[in-house]
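> Okay, here's the prediction I keep looking at, along with the sequence it came from:
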Amino acid sequence: MSTRDLILNNDIGRRKYLTALGATGMGGLAGCAGQLGGDEDEENFPSQEIEMICPWAAGGGTDLTGRQLADLAQDPLGVSLYVTNQTGGSGSSGFNAIANSESNGYTVGVTTVEICTISHLGIADVTPEDLAAVIQYNFDPATLTVPADAPYSTLEEFVSYAEENPGEIRVSNSGTGAIWHLSAAGFAQQANIELNHVGYNGGSPATQAVVSGEVEATAASAPEVAGQVQDGPLEILAVFGEERLDMFPEVPTLQEQGYDFTMGAWRGLTVPQGTDEERISSLQDGFTSVYESDEFQSFMDEQGFGLVYRDAEEFSQFMESEYERFGQIIDDLGLEQSG
């Protein structure tokens, strides 16, 4: 330890030393003190409240899960968290707000699958490269749902019918270029069949269109069609996930039926690109603790949200692969200028 450090470690010596330095010296020492304060803040991260940006409206699934994470993360992270909804542009307003925030770890984004589609659709330029992954906590696979009295009661029969009647089967979705449209279109490419995709303003009218006979099938999440399936008018032919759903354990996956294809909506947490790796690690640890908690697991199960966990590295790789895959599907569909 230098003589200067010995002096500064003693209160009386410090005061004499500051007096001797004068204004110029104090300015220099102030800079040193600020640096020390920054180091201390780094060690104690997080030490102030954290904003969680949700790119979607209040009351929706992304908002509900984000607020649950924010509430439960206060204990493991040791600070309060609050959610702001910054909506518009198919999620692009919120994604840009996340990407353009200060990269200090105090802004976390609730990020959805659309981060991998909107630039391909010409809606906005923001991509996964603008964000750094923290964790993925959710995956809701698409389902292929048809009327219970349809001329096909299995996926094999559905595909055979589509092969014999190209373009005749109309499949509703929650909007052109949205995840359920891309899921059905991606499967059609995989199965080498031609489907007629019809966009509606949301999942509810898309489901109702099947019930009323306006279309012959719909691509949607299981919770969106659950009521109509459980009550009888509709039935699910396949789940687009890697595993069967607890909600409908009798429904096989596409993979079980010979199609190596999975797709659906997902949610995760990200921070601005350039955020310190140690801070990302601290956030990952805190939110992983929340993910593993009984409270969060029960909440997701009761609300019908699928649970899938990926850590920061795995989630980053997953977003990159999703970005490339959606780019190919959107290009094949000729949707690049739809934004």
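Structure received.

> Can you show me the CA trace of stretch 130-147 as CSV?
Presented in CSV, the C-alpha positions along stretch 130-147 are these (Å, rounded to 0.1, in the frame of the first residue of the first chain):
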residue,chain,number,x,y,z
ASP,A,130,-29.8,-5.6,-31.1
LEU,A,131,-30.5,-7.5,-27.9
ALA,A,132,-28.6,-9.7,-25.5
ALA,A,133,-30.4,-12.7,-24.1
VAL,A,134,-31.1,-13.3,-20.4
ILE,A,135,-33.5,-16.3,-20.3
GLN,A,136,-36.4,-17.9,-22.2
TYR,A,137,-39.3,-18.9,-20.0
ASN,A,138,-42.1,-19.8,-22.3
PHE,A,139,-43.1,-21.6,-25.5
ASP,A,140,-46.7,-22.1,-26.7
PRO,A,141,-46.8,-24.4,-29.7
ALA,A,142,-49.2,-24.0,-32.5
THR,A,143,-52.0,-26.5,-32.9
LEU,A,144,-53.9,-27.5,-36.0
THR,A,145,-57.6,-27.5,-35.2
VAL,A,146,-60.5,-28.6,-37.3
PRO,A,147,-64.3,-29.2,-36.9
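
> from the chain's centre, how far out does that stretch sit?
7 Å (CA atoms, centre = their mean, to the nearest Å).

> could we number from 91 for the rest of this?
Sure thing, new numbering starts at 91, so read that last one as stretch 220-237.

> now that stretch: mean pLDDT?
Along stretch 220-237, the predicted confidence averages to a pLDDT of 98.

> Equivalent analysis for stretch 272-287, please.
In this model, stretch 272-287 has an average pLDDT of 96.

> Could you list the buried residues of that stretch?
For stretch 272-287, the buried set under the neighbour-count rule, 16 or more other CB atoms under 10 Å, comprises 272-278, 281, 283, 285-287. For every residue, glycine as well, the C-beta is placed using N, CA and C.

> hey, where'd the strands end up in the stretch 191-340 of the chain?
Using DSSP state E, counting those that start in this stretch, the strands of the stretch 191-340 of the chain run over residues 197-202, 221-237, 260-263, 286-289, 307-311, 324-329.

> can you redo the ones you listed as JSON lines with distance to Ser243?
Rendered in JSON lines, the data for those read as follows (distance: least, CB to CB, whole Å):
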{"stretch": "strand 197-202", "distance to Ser243": "33"}
{"stretch": "strand 221-237", "distance to Ser243": "9"}
{"stretch": "strand 260-263", "distance to Ser243": "17"}
{"stretch": "strand 286-289", "distance to Ser243": "21"}
{"stretch": "strand 307-311", "distance to Ser243": "13"}
{"stretch": "strand 324-329", "distance to Ser243": "8"}
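
> was I right about Glu253 contacting Leu285?
No: taking CB atoms under 8 Å as the definition, Glu253 is not a contact partner of Leu285, at 11.1 Å.
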